[in-house]
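>>> test case, fold it:
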Amino acid sequence: MAILVDRRRAPASAYTARDRLLERALVVNFVMHGIAMVGMATLLLPMLPGGWSSSDAERCAQVAAHAWRFRLGWLPWQGCAVADLGLAIAMVRTPWIPRLPALFVLVMTIAAVAPDQYAQALWITRGVELSRTDTAAYLAFERHVFPLTAGWGALLYTTAAVGWSWSFARAGTWSRTLTLLSITTWATMFVAALSPLVPEAARPNLAFVAIANAIGFIQLQVWLGLVAEDVLTRARPDEPFGSLARFRYPGSGLFARLIDTVANSRLLRILLERIPLPEMDSDVTDVVYVNYLVPADALAPMVPEGLELQRLGPMNDVALFTFLTFRHGHFGFAFLAFLAFLGRARQRINQLTMVAHALFAKRD
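Residues are numbered from 1 along each chain as shown. Okay, the predicted model is just below:
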C-alpha cells in the first residue's frame, strides 16, 4: 500500500450564492421530474386519457374510486411547475448565463404554469366531484381541461425548455451530446404537446400522445442530468488530488467506463450526500506498527507509475517502510453487530511506504 502525501493545498473553488441557487434548482428539477414520472406510471396513468383504462366510463370510475390517489399523482407535477419556475428565476440571476435567453425562459415558464396549474387545480377538485355524480359531465369536463395541461401547458413548457438549451449553449456549459439530445427531446415533446390541440378530425390517438410524452420525459430526465452534471462540474472541476481527483477504474472497456462515469459524477455525489450514513462498527485489536528506514533505491521499483517515492535523510537515500499488523474482527453496520459471532477474527499485515504524486514533487 502507498500513502499519498499532498505537498500543496488545492485552491478553493469560488462559489457565489447565485451559482449555488442554479445548482440546487437543477438538482431539484432532476429529482422532481423523476418522482413525477414514477407517480405518473404508478398512480395517474390508469385515470388519464390514453392510459391503461379500457373505456371512458372505467377511467371516470377510477377517478371516483381513487380520488386521493388521483390527487397524490398530480402532486409531483405541481412540484415540477414550482421547480421549473425556480430554475427560470435562478437562470436570470446567474451572471454567466446570457440575460436574453434567461428572460425568455422565465417568460415562457410563467406562461406555461398558468394554464397547466389552473387545469390541474380544477381536475383534482371539480373533476373529482363530477366523476362521482355524472360520468357524461365528467368526460365533457375532461375534454376541456386535458388540452390546457397536456396541450397548452406542455407546449409552453417545451418552448421554455428550448430556452434552456439556448441559455446553456450560449453560456458554454454545453456538449455535442446535449445538442443532439435537445433536438430529439424537444421535437418529441412538441409532437406530444401539439397533438391534443389539433382539430379532432386530425387528432392522433390519445395512446400515441401518452407514448410520446413518456419518450419525451425520459429524454428530458437524461437532459436534466447531463446539464446538471456540466453545471456542477463547472464549479467543481477535476483536481490532481483530493476529493475532486478523478477516479480511474483499473481496467478498460464498457464496464470500466461505466464505473468511471458513476464514480466521478458530481450529480450523484450531490444526491448521495443527502442520504444519512449508517453507523459502522470495526473491531480492531492487537495493532503493531514497525517502521524501517531502508535504502530508497531498493524500494523505488515497487512504487506505482505516476507516484514518486518520498526520500528521507540528508542524502535523500533512504525511505520509510512500515509493517502494520492487526487482528480484524467484526466490520459492518453497527445495528448488525449481534451477528459478529458468525465471522472470525483474522490477522492482517499491511505494507506501507510514503510517496508523493510526481506532479507535485517536481514543483517543490
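>>> separation between the nearest residue to R348 once chain neighbours are set aside and L336?
Nearest residue to R348, sequence neighbours excluded (C-beta to C-beta, 6 or more residues apart in numbering): H328, at 5.3 Å. Just so you know, the C-beta spots here come from the backbone N, C-alpha and C atoms, and that holds for glycine as well. According to C-beta to C-beta, to the nearest Å, H328 stands 16 Å off from L336.
>>> quick one: which of these two has more around it?
Using other C-beta atoms under 10 Å, the more surrounded residue of H328 and L336 is H328, with 16 against 12.
>>> what helices or strands is the helix or strand hosting that one leaning on?
Taking DSSP states H and E as the definition, H328 sits inside strand 318-333. Counting contacts by 3 or more C-beta pairs under 8 Å, 6 or more residues apart in numbering; DSSP states H and E, strand 318-333 packs against strand 280-295, helix 296-299, strand 346-357.
>>> could I get those as a markdown table with mean pLDDT and mean neighbour count?
What follows is those, written out as a markdown table (pLDDT from 0 to 100; neighbours: other C-beta atoms under 10 Å):
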| stretch | mean pLDDT | mean neighbour count |
| --- | --- | --- |
| strand 280-295 | 83 | 11 |
| helix 296-299 | 88 | 16 |
| strand 346-357 | 68 | 15 |
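>>> need the ones you listed in TSV (columns: distance to G332).
Output for those, formatted as TSV (distance: least, C-beta to C-beta, whole Å):
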stretch	distance to G332
strand 280-295	7
helix 296-299	35
strand 346-357	14
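>>> nearest to W174, out of the ones you listed?
W174 lies closest to strand 346-357 among those, at 31.6 Å (C-beta to C-beta).
>>> what residues go with each domain of this structure?
17-235, 238-273, 280-361 (automatic domain parsing).
>>> so which of these has the densest surroundings on average?
Ranked by mean neighbour count, these are led by domain 17-235 with a mean of 18 (mean count of other C-beta atoms under 10 Å).
>>> circling back: tell me the average confidence for the strand holding H328?
Here strand 318-333 scores 79 as its mean pLDDT.
>>> and if you look at stretch 255-264?
Across stretch 255-264, pLDDT averages out at 90.
>>> angle of the strand holding H328 against strand 280-295?
Put simply, strand 318-333 runs at 170 degrees to strand 280-295, going by axes from the mean of the first three to the mean of the last three C-alpha atoms, to 10 degrees.
>>> before we move on, the earlier item: out of the helices and strands packed on strand 318-333, nearest to G73?
Closest to G73 of those, according to C-beta to C-beta: strand 280-295, at 38.4 Å.
>>> which helices and strands does the closest one pack with?
Here strand 280-295 is seen to pack against strand 318-333 when contacts are counted using 3+ C-beta pairs under 8 Å, 6+ apart.
>>> which secondary structure element contains the closest residue to S167 other than its chain neighbours?
Using C-beta to C-beta, 6+ apart and skipping the chain neighbours, the partner closest in space to S167 is P101 (4.1 Å). Secondary structure from DSSP H and E places P101 in helix 99-122.
>>> avg pLDDT for that helix?
So the average pLDDT for helix 99-122 ends up being 98.
>>> now stretch 243-250
The model assigns stretch 243-250 a mean pLDDT of 83.
>>> quote the end-to-end distance of that stretch.
Taking C-alpha to C-alpha, to the nearest Å, stretch 243-250 runs 18 Å from one end to the other.
>>> which residues does that stretch contact?
A10, R236, P237, D238, E239, F255, A256, I259, D260, A263, N264 (C-beta atoms under 8 Å, 6 or more residues apart in numbering).
>>> give me the nearest residue to the third one, chain neighbours excluded.
I take that to be P237. L244 (7.2 Å).
>>> likewise the second one?
Taking C-beta to C-beta, 6+ apart as the measure, R236 lies nearest to R266, with 5.4 Å between them; neighbours along the chain are not counted.
>>> list the contacts of that neighbour.
Shown in contact with R266 (C-beta under 8 Å, 6+ apart): E229, L232, T233, R236.
>>> 10 Å instead?
Going by C-beta atoms under 10 Å, 6 or more residues apart in numbering, R266 touches 23, 27, 228-238, 244.
>>> biggest separation within these, which pair?
Farthest pair in the contacts of R266, by C-beta to C-beta: V27 and D238, 19.8 Å.
>>> mind listing residues that contact stretch 133-145?
Contacts of stretch 133-145 (C-beta under 10 Å, 6+ apart): 47-49, 56-57, 59-61, 63-64, 115, 118-123, 126-132, 196, 200.
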